[in-house]
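Asker: below is the structure, and that's it, no one-letter string:
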């Protein structure tokens, strides 16, 4: 839902005078809002996995953080892809998507005999990461994106810590991490809802 709305807004604002600031704010929102959701999933999954997933699929527990990290890059590629859509150069979306698929396939085939199910998760994360890096560099020709470095690095640190304790499977520490993640997510997104409201108002104004 957000992606559809955002793509329309991107097309409207791609040539505006404040396009760099506008797109940078959307990127910042993506990091804060969707990043917090992904952190929350990793932090709380140790407490709900056995409730919502059949024990026959226990091995899936260990794939979740990797796939959540892949989701972060997937969200980023979607955001960057909207810039291509707004500039009407959708061939770049096809080109980078095909390249990502090839990387995914090669890594998956190369590793599956050695690490089994992890090969699929890792290949997905790496392919989305590669596509994110390529698009982030390429779209500089159209938009000068800026990120809040403090937010970015604090998020990376929280993600690493949360993922480490996820795999350690220490219930007490997992509970502490979940509490910290909740507080962090609230602080991180204290301005997000105001930003969404401003985005809606901006869309109405341009309609």
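Answerer: Done, it's in. Predicted model only: the values in this text are computed from it and were never measured. Numbers count the residues shown, from 1 in each chain.
Asker: how many other residues sit next to residue 165?
Answerer: For residue 165, the count of nearby residues is 20 (other Cβ atoms under 10 Å). In this view, the C-beta of every residue, glycine as well, is placed from N, C-alpha and C.
Asker: shouldn't it be in contact with residue 174?
Answerer: Yes. The criterion here is Cβ atoms under 8 Å, and residue 165 meets it with residue 174 at 5.7 Å.
Asker: can you tell me the closest non-neighbouring residue to the residue minimising distance to the centre of the chain?
Answerer: The centre of the chain sits closest to residue 72, judged by Cα atoms, centre = their mean, with a distance of 1.9 Å. Distances taken as Cβ to Cβ, 6 or more residues apart in numbering put residue 38 closest to residue 72, at 5.8 Å, once the chain neighbours are dropped.
Asker: next SSE after the host helix or strand of that neighbour?
Answerer: Residue 38 is part of helix 35-52, with elements assigned from DSSP states H and E. On the C-terminal side of helix 35-52, the closest following helix or strand by DSSP H and E is helix 64-86.
Asker: and the helices in this protein, which stretches?
Answerer: Along the chain, the stretches classed as helices by DSSP state H are 2-13, 19-29, 35-52, 64-86, 91-115, 118-138, 149-168, 171-188, 192-206.
Asker: wait, which of these is closest to residue 58?
Answerer: Shortest separation from residue 58 across those is recorded for helix 35-52, at 8.5 Å, computed as Cβ to Cβ.
Asker: and the closest one, what's buried?
Answerer: Counting neighbours by 16 or more other Cβ atoms under 10 Å, one finds that the buried residues in helix 35-52 are 35, 36, 38, 39, 40, 41, 42, 43, 44, 45, 46.
Asker: roughly how far apart are the residue nearest to residue 72 and residue 30?
Answerer: Counting by Cβ to Cβ, to the nearest Å, the gap from residue 38 to residue 30 is 11 Å.
Asker: over to residue 109?
Answerer: 31 Å.
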